[in-house]
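Participant: Predicted coordinates and the sequence they were generated for:
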Amino acid sequence: MRKLLALCLFITSCSSFIAKEYDEQLNALEQHTYAMVKDINVEQKSLAKKQAVKIIVARGDDSIKVYAYSASVDILKSERILILYMFADDFPKEKFDFDVFSGKLNEVIVRK
């Protein structure tokens, strides 16, 4: 599991859209449990409002994605659902802004 996490961090650390200074904040988000603010249904997969979930934050060259999965299921056995997908042009000056990102994320989940 640690090797997989290290590989993901290595691959995503090459992004210029999200400055390295945000790595710690984004990684910390994955350590908490959240409650869904609304129902999400994607391709026969769903997460219900108020359901406890964990998240995975995936960074790209010009985007950031957040996947959620049931907190009651092991991460390796979980069905992950894309709950947030933001592109560079969703941010002022096309540079990642943690406050803008957090605001959008809080429209979908809240920390328990």
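Facilitator: The structure has been received and is ready for your questions.

Participant: so where do the strands sit in the chain?
Facilitator: Here the chain has its strands, by DSSP state E, at 34-36, 40-42, 45-47, 52-59, 63-70, 81-87, 109-111.

Participant: Looking at those strands, spot the one closest to residue 98.
Facilitator: Residue 98 sits nearest to strand 63-70 of all these, at 10.3 Å, using CB to CB. (Each C-beta comes from the backbone N, C-alpha and C, glycine too.)

Participant: got the angle between that closest one and strand 52-59?
Facilitator: Here the directions of strand 63-70 and strand 52-59 differ by 160 degrees (axes from the mean of the first three to the mean of the last three CA atoms, to 10 degrees).

Participant: what distance separates strand 63-70 from the middle of the whole chain?
Facilitator: Mean-position distance between strand 63-70 and its chain equals 4 Å (CA atoms, centre = their mean, to the nearest Å).

Participant: before we move on, the earlier item: would you turn the strands of the chain into CSV with mean neighbour count?
Facilitator: Formatted as CSV, these follow (neighbours: other CB atoms under 10 Å):
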stretch, mean neighbour count
strand 34-36, 19
strand 40-42, 14
strand 45-47, 16
strand 52-59, 19
strand 63-70, 20
strand 81-87, 17
strand 109-111, 16
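
Participant: can you list these in JSON lines and add distance to residue 99 and mean pLDDT?
Facilitator: Below are the strands of the chain laid out as JSON lines (distance: least, CB to CB, whole Å; pLDDT from 0 to 100):
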{"stretch": "strand 34-36", "distance to residue 99": "18", "mean pLDDT": "98"}
{"stretch": "strand 40-42", "distance to residue 99": "23", "mean pLDDT": "93"}
{"stretch": "strand 45-47", "distance to residue 99": "25", "mean pLDDT": "94"}
{"stretch": "strand 52-59", "distance to residue 99": "15", "mean pLDDT": "97"}
{"stretch": "strand 63-70", "distance to residue 99": "13", "mean pLDDT": "97"}
{"stretch": "strand 81-87", "distance to residue 99": "13", "mean pLDDT": "97"}
{"stretch": "strand 109-111", "distance to residue 99": "16", "mean pLDDT": "97"}
